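Engineer: sequence and predicted structure, then a few things I'm wondering about:
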Amino acid sequence: MDGIYKFIIILIFFCSCKNNKETHSIEHKFIKYNINVLIDSVESFDMSKYMTKKDIFTIGLIDSITVEDRHNNVNKSKNFIPLKIHSNDILEFKSKYELKLVPRKNHDSNILFVQFCDLQISENKASIIVRKTRGIGMIEDIYFFVKEKNIWVLKKKKMLTMG
């Protein structure tokens with residue numbers, strides 16, 4: 001009898017680990033396939049056309065994001081958990097600017113910092129806040145997506161803050 005209980009406990013443990021992995025894979029896939037949409041309009045931070053010295057900067061994506069924990073909602077309130085972004089999540093990015101992952105505490109002046117916040121994904125809808133900061137300039141937008149034929153399609157982008 002003890003062997004059966006051990007087997008059941010081990011099976012439950014592996015199933016819960018697989019479920020957690022699948023949860024995060026949804027977020028990683030969302031970021032990977034929408035990276036070019038989420039990191040748009042970076043040219044507004046490029047000052048090289050106004051300066052005699054070429055101002056070439058790098059886009060630094062903060063390497064962690066807050067995502068809604070869909071499985072552990074307490075009292076119907078939203079809980080957010082951190083999610084690590086990996087280098088293979090940004091492979092699809094295409095731009096004349098270099099994109100690299102950077103840690104949260106970074107003060108390089110030649111980097112346009114991009115931070116993803118509050119990623120929420122339901123069955124057919126998703127939203128994410130994207131904050132772009134360089135020096136004292138900052139733009140914060142929220143993106144709304146709808147899933148159509150298993151593809152996330154941007155439906156609306158709304159500016160939240162500019163400064």
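Structural biologist: Cool, the structure landed.
Engineer: show me the helices in this protein, by range?
Structural biologist: Remark: helices assigned in the chain by DSSP state H are 2-38.
Engineer: how many neighbours does N88 have?
Structural biologist: As a burial measure, N88 scores 9 neighbours (other Cβ atoms under 10 Å). C-betas here are computed from N, CA, C, even on glycine.
Engineer: which residues touch the spatially closest residue to it that is not a sequence neighbour?
Structural biologist: Computed as Cβ to Cβ, 6 or more residues apart in numbering, the closest residue to N88 that is not its neighbour in sequence is K32, at 7.5 Å. K32 makes contact with N88, D89, I90, L91, E92 under the criterion Cβ atoms under 8 Å, 6 or more residues apart in numbering.
Engineer: could you pull up the residues touching the second one?
Structural biologist: For D89, the contacting residues are H28, I31, K32, I35, taking Cβ under 8 Å, 6+ apart as the criterion.
Engineer: ok, the last one to V153 distance?
Structural biologist: Summarising the geometry, the distance separating I35 from V153, computed by Cβ to Cβ, to the nearest Å, is 15 Å.
Engineer: higher neighbour count, the two?
Structural biologist: Using other Cβ under 10 Å as the criterion, I35 and V153 rank with I35 on top: 22 against 12.
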